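**Student:** what shape does this take:
(chains A and B)
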Amino acid sequence: MSSDSSKASIALNRFGLGIRHNESPPSNPKRFLLKQIDGYDPKPRLLAGWDDTTEKAGEIIQEVRRQRRRRQSAMEAENQKAAQPLAQSSMTGDASMAPETPERPRPTISSRAQILRHDTALRTQIAVESNTPMIERLVHFWSNHFSVSAGKPGTPQQVGNHEFRAIRPHVLGKFSDMLKAAALHPAMLIYLDQYRSAGPNSTWQTRRRKRGNGQERGLNENLAREILELHTVGVNGGYSQSDVTEFARALTGWTIRGLLGVERLAAPQSPGSDYVQVAHEPGTRTIMGRQYEDTGAKQALAVLDDLATHPSTAKFIADKFARHFTGDTPPPALVSRLETDFLRSGGDLGGMLRVLIDAPEAWTPQPLKFRAPYEWLVAVLRIVDEDKLNPRRVASGMRALGQVPWRAPSPAGYDDIDASWAGPDAVFRRIELAERIARLVPSDNVMERAEAAFPGSLSAQTRTWLSRAESSKQALGLLLVAPEMMRR
Amino acid sequence: MTRTNLDRRSVLAGSLALGATGIVWPRMAFAQAAGTKNVLLVVLRGAADGLAMLAPTGDPGFAALREATLPNFEGARKADSMFTIHPSFEHVGKAYGKGEALFVHATSTSYRKRSHFDGQNMLETGGTKPFAKRDGWLNRLVSLVGESAGSTPKALAIAPTMPLALRGSAPASSYAPSTLPDASEDFMQRVSLLYEGDEQLGGLLSQALETQAMASDSTLRNLRDAEAAGKLAASLMTGPGSARIAMIELDGWDTHANQNGAFGRAARKLDALIGSYRTGMGEAWDDTLVLVATEFGRTARMNGTRGTDHGTGTATFLMGGSVRGGRVIADWPGLSNAALFEQRDLNPTTSLEAVLAGASAEHLGLDPRLTMARLFPDRATKALEGLVRS
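**Tutor:** Below is the predicted model:
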């Protein structure tokens, strides 16, 4: 049986990411949350040395391609030397099966694995150390809303940039600003294939056709569709196939530098991407009943501005936002208040957060959500003294739990419903990881920490089994997987 | 071709001919009980392209739509005069040659829009609208078998979390090999006590422990590649107390760009998985049905980046020792512009739900009408018959 949570416990766990090991519980839960809105720092100390390589996206892809060619020719040379035995492994077509080449040429821009590992650790560390954990939760929420994955060539170096540059500054600002920054950031342009899309009647294509050189390029509607379906109005938001195609036409020209062979003509844009006029499909576009004159780069921005404040978007966002805090079936009255506020304020996300903090539905004493794996891990790292943990170990824990940041299996991001995470194997893995972490970190004052983490809300059962533990390490391990830690 | 298979068949045939029923009957009766029939559902996430899986190379419209992919199919195995099997499907193609693989083309669920997430939701729930049902059709199949056989078969998802198709009231477990060392037994026991009385956590943990005990073979603890996954699936579905109904997922089918390479990679993985699964099942292959399904197909034409966008009709296939394979079932709609669905996608003419319900019913000895009504309710469509030898 899960016991009821106090207001202080709700502020810490449902709104925030759990207590820090040296922190005391808040005496005024609401004020504790409102203070975080003022105290949020989009660029905390940990990001001071961050090297924003957003604008080098094209350069990085070129480098990736050069490396691949070098590897391939090295492999071919190798194959010729010993023609027979390798024939089988090339048939599997799986890179992980390929034999390691003896020497890897050092890339000019540091390796994608290094950057990705560094950025993932950085994002986690920011959340673990944060004294505005409610806002860090929102960073993760919006980053997942505008999900990009490190699974495509060129994206591992950009997914961190995407969150740090396109999400963090806007989580308390206007939704339209976040939408434009996130959907047009190079990470998204690569991830959803936009950077290759070109207007079939653009100057560039017409010229290529005339000369008969190179491969024909044309529209790719992936980004246009996902912006409508996943980022703004939602799948039932009232758009048709022709809206998708028209939007894809409006988006042509938005790309990343150095890939189309027309960089001379590129105009840098604020999301860190480029706009190439000659690849843009000329003409007025009609999207969801509105007409957009051909204003070049601004055509797509105008569409995004309208989508950001569309009533369907307000509904979609309000529902998703409420679900994140109040469970799989959010109370309709709360959703409707969030929606009204979103519409009235033109998509002010800070305003929506205040509505949530004021909502009695968000303070229901029974737990409303099963913590998703990454969130659970962050809460674990906050409650233990994590200095002793090797970041590599944390990363392997994340993989085992099945939720690595910027690795969602689809552009919809990770699911935000209980059934996706409350599985037998998922629980088992948390227990395995908890025991391991507990062995590695200091385990003093476990009972006091438990009381502080869930002030006035620790169940008798949990208290009993923590006190009966055979060692303080074991008690800490048990605390990390106690029902209070698994739900919020 | 394995010796064991031949030997067993010849032993059975020989015994019957000699009338030595005393030895053979118990074994056959055992083999026919619902309790020994296996079903493995393979869900291809991302919308797999049916026109690449099983290319209609005999349709004059194909070359015009897919010129860039034609070299792939030169010299590849022909299913018949109309269709060519994708060259990456080596094991699948061989099984087709032996009559153990059956393709159905121009299929689709009743979903007609193009969102992955809504499409997968309908593919897994069996509802007539996205998000209309909360449980999965495979879970309802587990219940149905339980009702008709008297005991509920074990069901298992080979995944770290429970996929929607297997969620529901029938008990099901999920398992994927962990990269972490085992928690100590004592700690695990204490957690069990801590969860006592907590319905959700207590239930999840006891299910996990049960599955853990089943997968004792530690050499298979690594789901690194598709082949290992196929082997793992087979090891969890053979032997006493093992799972009868299972599901596994493969992604990488959303081939918006450079279709040739991307589809080939995904198809090779699927092929390797099925190949090692077949080997791993051994003699039980004769009692096994593999269902391969995806949420919808892709555009008939290539897009501007040598890929294909979200579409409608696609292909599906069944495999297993008792599948009436070696043929393609298709009410072929054609590929002319007018024949395409909304002038862009392969027009679906066969209900995927009818294929899934029909094959499951025949394989498990269930009533096809009842099976259709339970797994995919509120449809006029009838379950397809003649897919599996009963």
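**Student:** only C-alpha atoms from now on, for both contacts and neighbour counts.
**Tutor:** Fine.
**Student:** low-confidence ranges in the stretch 101-250 of chain A?
**Tutor:** Low-confidence regions of the stretch 101-250 of chain A, defined by pLDDT under 70, span residues A:101-110, A:213-215.
**Student:** ok, now the stretch 51-200 of chain B?
**Tutor:** Those would be B:160-161, B:177-183, if you go by pLDDT under 70 across the stretch 51-200 of chain B.
**Student:** let me see the ranges of the helices in it.
**Tutor:** Remark: helices assigned in the stretch 51-200 of chain B by DSSP state H, counting those that start in this stretch are B:60-65, B:70-73, B:90-97, B:116-125, B:137-149, B:185-194, B:199-214.
**Student:** which one of the ones you listed lies closest to chain A?
**Tutor:** Nearest to chain A, of all the helices of the stretch 51-200 of chain B, is helix B:199-214, at 4.3 Å by CA to the nearest CA.
**Student:** what residues sit buried inside that closest one?
**Tutor:** By neighbour count on 16 or more other CA atoms under 10 Å in any protein chain shown, the buried set for helix B:199-214 is B:200, B:201, B:202, B:203, B:204, B:205, B:206, B:207, B:208, B:211, B:212, B:214.
**Student:** could you find the closest non-adjacent residue to the third one?
**Tutor:** What that stands for is residue B:202. Among residues not flanking residue B:202 along the chain, residue B:195 sits closest, at 4.9 Å (CA to CA, 6 or more residues apart in numbering or on different chains).
**Student:** phi, psi of the one you found?
**Tutor:** phi -90, psi 0 (degrees, to the nearest 10).
**Student:** can you pull out the helices in the stretch 201-350 of chain A?
**Tutor:** A:203-211, A:222-226, A:241-251, A:297-308, A:311-326, A:332-345, A:349-358.
**Student:** which among these is found nearest to chain B?
**Tutor:** Nearest of these (CA to the nearest CA): helix A:222-226, 7.2 Å.
**Student:** name the residues of the stretch 1-150 of chain B found near chain A, please.
**Tutor:** B:115, B:117 (CA under 8 Å from any CA of the partner chain).
**Student:** in the stretch 1-150 of chain B, what residue lies closest to chain A?
**Tutor:** For the stretch 1-150 of chain B, CA to the nearest CA, closest residue to chain A: residue B:115, 7.2 Å.
**Student:** identify the residues contacting that residue.
**Tutor:** A:229, A:235, B:310 (CA atoms under 8 Å, 6 or more residues apart in numbering or on different chains).
**Student:** before we move on, the earlier item: just the helices of the stretch 51-200 of chain B: most buried one?
**Tutor:** Of the helices of the stretch 51-200 of chain B, the one with the most neighbours on average (mean count of other CA atoms under 10 Å in any protein chain shown) is helix B:116-125, at a mean of 24.
**Student:** returning to that earlier point: any idea which of the contacts of residue B:115 is closest to residue A:432?
**Tutor:** Closest approach to residue A:432 among those (CA to CA): residue A:229, at 37.6 Å.
**Student:** so where's the longest helix in the chain?
**Tutor:** In the absence of a named chain, this looks at chain A. As assigned by DSSP state H, the longest helix anywhere in chain A is helix A:57-81.
**Student:** should've been chain B
**Tutor:** Per DSSP H, chain B has its longest helix at helix B:259-281.
**Student:** just to revisit the earlier point, you'd agree the residue nearest to residue B:202 is up against residue A:486?
**Tutor:** No - contact criterion CA atoms under 8 Å: residue B:195 and residue A:486 do not qualify, at 11.2 Å.
**Student:** quick one: which of these two has more around it?
**Tutor:** residue B:195 (25 against 22; other CA atoms under 10 Å in any protein chain shown).
**Student:** contacts only, for that one.
**Tutor:** The contact partners of residue B:195, by CA under 8 Å, 6+ apart, come to A:482, A:483, B:201, B:202.
**Student:** again, but for residue B:342
**Tutor:** Residue B:342 touches nothing, counting by CA under 8 Å, 6+ apart.
**Student:** mean neighbour count and distance to chain B for the helices of the stretch 201-350 of chain A - can I get that in CSV?
**Tutor:** What follows is those, written out as CSV (neighbours: other CA atoms under 10 Å in any protein chain shown; distance: least, CA to the nearest CA, whole Å):
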stretch, mean neighbour count, distance to chain B
helix A:203-211, 15, 11
helix A:222-226, 23, 7
helix A:241-251, 22, 9
helix A:297-308, 20, 18
helix A:311-326, 22, 15
helix A:332-345, 18, 17
helix A:349-358, 19, 26
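**Student:** how about those helices in TSV, adding distance to residue B:121?
**Tutor:** Shown next, in TSV, are those (distance: least, CA to CA, whole Å):
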stretch	distance to residue B:121
helix A:203-211	39
helix A:222-226	17
helix A:241-251	20
helix A:297-308	25
helix A:311-326	17
helix A:332-345	23
helix A:349-358	29
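**Student:** between those helices, which gets nearest to residue A:454?
**Tutor:** It's helix A:311-326; of the helices of the stretch 201-350 of chain A, that one is closest to residue A:454 (CA to CA) at 17.3 Å.
**Student:** rewinding a little: what's the longest helix of chain A packed up against?
**Tutor:** Packing contacts for helix A:57-81, counted by 3 or more CA pairs under 8 Å, 6 or more residues apart in numbering or on different chains; DSSP states H and E, involve no helix or strand.
**Student:** list the buried ones in that helix?
**Tutor:** Quick answer for helix A:57-81 (16+ other CA under 10 Å): A:57, A:58, A:59, A:60, A:61, A:63, A:64, A:67, A:71, A:75.
**Student:** can you tell me how far the fifth one is from chain B?
**Tutor:** So the one you mean is residue A:61. 16 Å (CA to the nearest CA, to the nearest Å).
**Student:** does that residue touch residue A:153 like I think?
**Tutor:** Yes - counting by CA under 8 Å, residue A:153 is a contact partner of residue A:61 at 7.0 Å.
**Student:** so what touches the helix or strand residue A:136 falls within?
**Tutor:** Using DSSP states H and E, residue A:136 sits within helix A:133-145. The contact list for helix A:133-145, computed with CA under 8 Å, 6+ apart, reads A:15-18, A:33, A:36-37, A:40, A:127, A:130, A:163, A:167-168, A:171, A:230-231, A:406, A:412-414.
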